[in-house]
Each structure stands twice: as C-alpha cells, then as structure tokens.
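Peer 1: quick one, fold the following:
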Amino acid sequence: MENTNRFDLMMTTLTELDKETGASPAPASPSLKSILDQAGSLPHEALFLGMANDGLPILLNLYDAVPGPILITGDVKSGKTTLLKMIARAAEHLHTPPEVQYGVVTTRPAEWVRFQFSKTNAGVYATRDEATAELLQSLVTWAHNNKGDQQSILLLIDDLDALIKGNDQTEQNLRWLLSRGPNRRVWPIVTLNAARAAELPDWLGFFRTRLFGRVQDAHTAGIITGASNAPLGYLVPGTQFTMKEDHEWLGFWAPSID
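Peer 2: Numbering: from 1, shown residues only. Next up, the predicted model:
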C-alpha cells in the first residue's frame with residue numbers, strides 16, 4: 001500500500017492548504033485500475049465505492065440488503081457524478097455482466113457516452129425520456145420475479161430531484177425500488193444536490209447510507225447528515241468524500257477513472 005499511503009499524505013497536505021487559502025485544489029488521484037490491482041482479490045459480492053484514508057477499500061455487500069439504497073449528496077461540483085461514474089467503472093472491472101449490470105438515468109446523457117459500449121452497462125437513459133419510465137417499471141417487474149438470482153442490478157440515478165418531477169407511475173416505481181429493491185438485488189445509487197435536501201425530507205428518509213461530498217453551508221450539512229458538526233466544508237471537490245459510520249466519520253477518496 002505504499003502508493004496509497006503517499007496519495008493519502010498528498011491529499012491531507014492539500015486539504016490543509018485548502019483550509020488556509022480557501023482554494024479548491026483538484027489533484028490527480030491514482031487510477032481506479034491501480035487501486036484495484038493493489039487491493040488484490042475482493043469478495044465477488046463486493047461493490048467498490050472508494051478508498052478509505054487508511055488505504056482499505058470501501059465496499060458494499062451486494063448480497064446484504066441492510067445498508068439499503070445509497071445517496072450521494074453534496075454541493076454543485078462537489079464530485080457527485082464523478083463518484084457515480086467511478087462506481088460504474090469499478091463494477092465493470094470487478095464483475096462480469098451475469099454478476100452485475102447497471103443502468104444510468106441522467107439529465108446529461110452525453111456525459112456517459114464513454115460508458116455506453118460496456119457489456120456491463122444496460123443503457124443510459126435521459127431523465128425525461130419515456131424509456132426511463134419503462135426502465136423503472138421493468139426493474140420492479142424483474143425484482144418481483146427475482147427469487148435469489150445471483151445477478152445484481154445497479155440503478156444509477158444522477159439527480160434525484162429531476163427524476164421525481166416526472167409522472168406519478170415513475171415516482172411510485174422509484175419509491176418501491178428504494179424501499180424494496182436491495183432485498184431483490186436492485187441497488188439504487190442516487191445523487192442529490194445538497195441544497196435541495198431540505199425540500200425533500202420524505203425522499204431523504206429512504207436512505208440510511210449516505211456518501212457526502214463537499215458542503216460549505218453548515219445548515220445544509222446538518223440537514224443531510226443529522227449532525228451539527230459535520231466535517232464537510234473542507235472536502236476536496238471531485239475527489240474527497242466522507243460517510244458516517246455509527247458515530248464516527250469515515251473519509252474516503254474516489255480514484256480516477258481516466
């Protein structure tokens with residue numbers, strides 16, 4: 001883990017500099033491939049979410065529904081989409097299509113062009129497209145019929161707020177997938193602009209597992225974390241994230257996919 005430790009030291013130094021200057025450095029992080037190579041063999045049920053400050057991988061057990069759907073939230077340009085893309089690429093590296101596939105729902109399909117030809121990718125859908133409503137319906141049907149199939153489906157939604165402004169059936173299917181999907185191996189992983197969180201308390205309630213990017217407003221940070229002293233203001237945008245584990249904060253990094 002020598003390279004990982006050097007990276008952690010570099011990021012710590014830059015974060016301290018960020019506190020002193022108010023700047024927002026964007027250092028290049030180690031590549032995803034190099035990080036996964038260093039990590040060695042990971043459990044076949046593991047989904048890679050990032051690299052912890054101690055050099056260990058942050059993993060989601062796709063066979064354990066307890067964590068529920070995952071929310072990625074932070075300020076604009078905090079790296080929410082970057083983290084979502086990294087998770088997609090990690091799924092491609094670590095799993096075969098019969099094991100894991102993912103579908104993407106986004107307001108900006110052009111940002112995902114480089115993912116469209118992956119065999120692990122089941123499609124990139126524009127948020128307002130009729131096909132998106134059909135995707136959610138098909139996932140509900142697949143989940144209802146899934147009786148222990150080893151395959152897991154990742155539903156990557158980039159911008160929850162945009163999707164829930166759709167039709168009533170789409171909203172109903174999304175609520176079902178958020179509440180029951182992980183029990184049937186459908187895993188919604190969803191981004192949300194932190195500034196919109198206060199207006200969506202019912203939707204926030206679906207997410208026990210939340211990954212936080214940079215949030216500079218302390219009040220907003222308190223809303224999305226439930227903590228009065230959430231350490232989100234000095235996270236490095238696009239690279240550095242944190243999550244709350246019991247009463248502790250677990251910092252982690254998103255390796256570069258390029």
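
Peer 1: where does the chain dip in pLDDT?
Peer 2: Under the criterion pLDDT under 70, the flagged ranges of the chain are 1-28, 148, 166, 258.

Peer 1: all strands in it, in order from the N-terminus.
Peer 2: 46-52, 57-61, 70-74, 100-106, 121-126, 152-158, 186-193, 209-212, 240-245, 248-253 (DSSP state E).

Peer 1: dump those strands to CSV, plus mean neighbour count.
Peer 2: Bear in mind the C-beta positions are built from the backbone N, C-alpha and C, glycine included. Output for those, formatted as CSV (neighbours: other C-beta atoms under 10 Å):
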stretch, mean neighbour count
strand 46-52, 22
strand 57-61, 18
strand 70-74, 27
strand 100-106, 23
strand 121-126, 18
strand 152-158, 24
strand 186-193, 23
strand 209-212, 22
strand 240-245, 20
strand 248-253, 17
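
Peer 1: between those, which gets nearest to Trp203?
Peer 2: Trp203 lies closest, by C-beta to C-beta, to one member of the strands of the chain: strand 186-193, at 7.9 Å.

Peer 1: ok, that closest one: who's next to it in the sheet?
Peer 2: Neighbouring strands of strand 186-193 in its sheet, by DSSP bridges, are strand 70-74 (parallel), strand 152-158 (parallel).

Peer 1: surely Gly50 and Phe241 touch.
Peer 2: Yes: with contact defined as C-beta atoms under 8 Å, Gly50 reaches Phe241; the gap is 6.4 Å.

Peer 1: overlap in contacts, these two.
Peer 2: Shared contacts of Gly50 and Phe241 (C-beta atoms under 8 Å, 6 or more residues apart in numbering): Leu83, Leu211, Phe252, Trp253, Ala254.

Peer 1: returning to that earlier point: how about the strands paired with strand 186-193 in CSV, adding distance to Asp246?
Peer 2: Output for the strands paired with strand 186-193, formatted as CSV (distance: least, C-beta to C-beta, whole Å):
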stretch, distance to Asp246
strand 70-74, 17
strand 152-158, 26
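
Peer 1: quick one: closest of those strands to Asn61.
Peer 2: Closest to Asn61 of the strands paired with strand 186-193 is strand 152-158 (C-beta to C-beta; 10.2 Å).

Peer 1: list the contacts for Leu232?
Peer 2: Leu232 makes contact with Gly74, Phe212, Gly213, Arg214, Val215, Gln216, Ala221, Thr225, Thr242, according to C-beta under 8 Å, 6+ apart.

Peer 1: got the contact list for the residue nearest to Leu71 when sequence neighbours are not counted?
Peer 2: Nearest residue to Leu71, sequence neighbours excluded (C-beta to C-beta, 6 or more residues apart in numbering): Phe207, at 3.9 Å. Shown in contact with Phe207 (C-beta under 8 Å, 6+ apart): Gly68, Pro69, Ile70, Leu71, Leu178, Val190.

Peer 1: same thing but at 7 Å, please
Peer 2: By C-beta atoms under 7 Å, 6 or more residues apart in numbering, the residues touching Phe207 are Gly68, Pro69, Leu71.

Peer 1: what does stretch 247-258 rub up against?
Peer 2: Residues from elsewhere that reach stretch 247-258 (C-beta under 7 Å, 6+ apart): 11, 28-32, 35, 50-53, 58, 79, 82-83, 85-86, 89, 231, 239-243.

Peer 1: mind doing that once more with 8 Å?
Peer 2: The contact list for stretch 247-258 (C-beta under 8 Å, 6+ apart) reads 7-8, 11, 28-32, 34-35, 49-53, 58, 79, 82-83, 85-86, 89, 230-231, 238-244.

Peer 1: thinking again about what came up before, now for the shared contacts of Gly50 and Phe241: which two are most distant?
Peer 2: Pairwise distances across those peak at 11.8 Å for Leu211 and Trp253 (criterion: C-beta to C-beta).
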